[in-house]
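Visitor: need a 3D model of the sequence below.
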Amino acid sequence: LSDTERLLEQVKSTAARLNQYVLYKSEAVGAWRISQEGNRPLMVLVMGEFKTGKSTFINTILGEEILTTDVAPSTAVTSLLCFGKEKQVWLHDSDGPKQEYLFEKLAEITAEGDDRKRAIRESLAYVEIALPNAMLKRINLIDTPGLNVHRESHIRNKENFKEKADVMLWVFNAARSATRTEIQEIKALGERLKPFAVVNRIDNIDEEEESVDDVLGKIKKRLDGTVQGVFGLSSKLAREAEQHGDAALLEQSGWAVFMEKLEQHFLACADELKLVALSDKVQEFLAHFRTRLAELEKAAAAKEKNFGSQDEALQSIQDY
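Guide: Numbers count the residues shown, from 1 in each chain. Here you go, the predicted model:
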């Protein structure tokens, strides 16, 4: 067995043991979810404010138009893009159940614009999109609504996927230097999800006023070590280059350099990154579990006054 497989077996075993006790049901579910994440390819979370071009960026990685990009803010729900032998869509309800949905009607669910579907969108945890796409055999991509679209469901669902994500790409708009809100959110992610910064829309920079290198330099200075690296590109130009087979335009877009870095930092070492991410999640789980045990021991000590021993008190809490 590989190191990752051995770790997953230990986590599954822990989940099974915890599941025997009513008192630890939630912890058992948490451990089981970590074990299930190990069966997926590297999960890459894409975040940023709206109007940064996240959906176009993801479409360019996939080499096909999947996510809607023609309305603002375009992304209305969190979407998980994964590999499948055929194109399929499942709507995952906030309460757990999922139902299949017509792929041809994906846009009316995942993008703003169709008010008739708003109630459905608000009830969803996320949309799962399966595609016969070679890139998705190597990584899963998570597209999220813009950071500055303040809806409770969006915030809740993004938090859930932060827990599941292995690595993160944070997309910025080259026309706007990294905002204070973005920097605060990135710092709050912690070391495990320290992102790579993708500065999109460099084609909108007026080179007569300021060079691309100057813009990237300013953003690097504002981010000040809160990210693992900064890449400048234009998803729009890269997508046009892909569609027309224009090598010069692809070079101009900065896409070739980005894809080289993506291969180097993510794809070529996906197994190692997955193991590191799983190890970090297990450590976070153990820290939470130790806190939980300390709370139970404190409660047992308080109840011991009414029982013959602490063992009786603990048994009483577990029976409850």
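Visitor: Leu278 and Gly38, how far apart?
Guide: In this view, Leu278 and Gly38 are 6 Å apart by Cβ to Cβ, to the nearest Å. To be clear about C-beta, it is placed using only N, CA and C from the backbone, and glycine gets the same treatment.
Visitor: then Trp255?
Guide: Taking Cβ to Cβ as the measure, Trp255 falls 31 Å from Gly38.
Visitor: neighbour count: those two, which is higher?
Guide: Legend: neighbour count by other Cβ atoms under 10 Å for Trp255 and Gly38, higher for Trp255 (24 against 18).
Visitor: list the contacts for that one?
Guide: By Cβ atoms under 8 Å, 6 or more residues apart in numbering, the contact list for Trp255 reads Thr60, Leu233, Ser234, Ser235, Leu237, Ala238, Ala241.
Visitor: and those residues as CSV, adding secondary structure, neighbour count and distance to Phe83?
Guide: Putting the contacts of Trp255 into CSV (DSSP: H, G, I helix; E, B strand; the rest coil; neighbours: other Cβ atoms under 10 Å; distance: Cβ to Cβ, whole Å) gives the following:
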residue, secondary structure, neighbour count, distance to Phe83
Thr60, helix, 26, 18
Leu233, coil, 26, 24
Ser234, coil, 27, 27
Ser235, helix, 28, 22
Leu237, helix, 21, 27
Ala238, helix, 29, 22
Ala241, helix, 21, 25
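Visitor: other SSEs contacting the longest helix belonging to the chain?
Guide: With secondary structure taken from DSSP state H, the chain has its longest helix at helix 270-303. Contacts defined by 3 or more Cβ pairs under 8 Å, 6 or more residues apart in numbering; DSSP states H and E place helix 270-303 against helix 3-18, helix 25-37, strand 42-47, helix 310-319.
Visitor: of the ones you listed, which is nearest Ile183?
Guide: For the helices and strands packed on helix 270-303, the distance to Ile183 is smallest for strand 42-47, at 12.9 Å, taking Cβ to Cβ.
Visitor: for that closest one, which strands pair with it and how are they oriented?
Guide: With DSSP bridges as the test, strand 42-47 is paired with strand 139-143 (parallel), strand 167-173 (parallel).
Visitor: got a markdown table for those strands, with mean pLDDT, mean neighbour count and distance to Glu209 too?
Guide: Below are the strands paired with strand 42-47 laid out as a markdown table (pLDDT from 0 to 100; neighbours: other Cβ atoms under 10 Å; distance: least, Cβ to Cβ, whole Å):
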| stretch | mean pLDDT | mean neighbour count | distance to Glu209 |
| --- | --- | --- | --- |
| strand 139-143 | 93 | 23 | 32 |
| strand 167-173 | 93 | 24 | 16 |
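Visitor: which stretch among those strands comes nearest Thr78?
Guide: strand 139-143 (6.6 Å).
Visitor: distance of the nearest residue to Val29 once chain neighbours are set aside relative to Leu275?
Guide: Nearest non-adjacent residue to Val29, counting by Cβ to Cβ, 6 or more residues apart in numbering: Ala15, 7.8 Å away. Applying Cβ to Cβ, the value for Ala15 to Leu275 is 19 Å.
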